[in-house]
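Colleague: sequence-free structure coming up:
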């Protein structure tokens, strides 16, 4: 299933997830932000369960900001779980 999330408080603007029926991320595309870092993070989360990603990425901050792109990934997946579960 494709799930789109509009980010807040970070340089990226949108995240597009492909999540299977077992809540495993099959793909993640991030629009905007730090291209190399986000390609790396996207590659790392492929094949991971949603709950594992949330526990690893929640609460990460970017500089003085209260959030980060990894934290936004976790927030997006939390929202996805509220909708799907």
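Modeller: Ah, there it is. Computed from a predicted model, the values in this text were never measured in an experiment. Numbering: from 1, shown residues only.
Colleague: any idea which helix is longest in the protein?
Modeller: Longest helix of the chain, by residue count under DSSP state H: helix 69-84.
Colleague: please identify the buried residues of it?
Modeller: 69-77, 80 (16 or more other C-beta atoms under 10 Å). The C-beta positions use only the backbone N, C-alpha and C, and glycine is treated the same way.
Colleague: which SS state does the most far-flung residue of the chain relative to its centre fall under?
Modeller: Centroid-distance maximum for the chain: residue 64 at 19.9 Å, with C-alpha atoms, centre = their mean. Following DSSP: H, G, I helix; E, B strand; the rest coil, the label given to residue 64 is coil.
Colleague: from residue 19, how far out is it?
Modeller: Going from residue 64 to residue 19 by C-beta to C-beta, to the nearest Å gives 31 Å.
Colleague: contacting residues around stretch 72-85?
Modeller: 1, 3, 5, 7-10, 12, 15, 17, 19, 23, 25, 28, 41, 45, 50, 53-54, 56-60, 67 (C-beta atoms under 8 Å, 6 or more residues apart in numbering).
Colleague: the same query, at a cut-off of 6 Å, please.
Modeller: Stretch 72-85 has contacts (C-beta atoms under 6 Å, 6 or more residues apart in numbering) with 3, 5, 7, 10, 15, 50, 53-54, 57-58.
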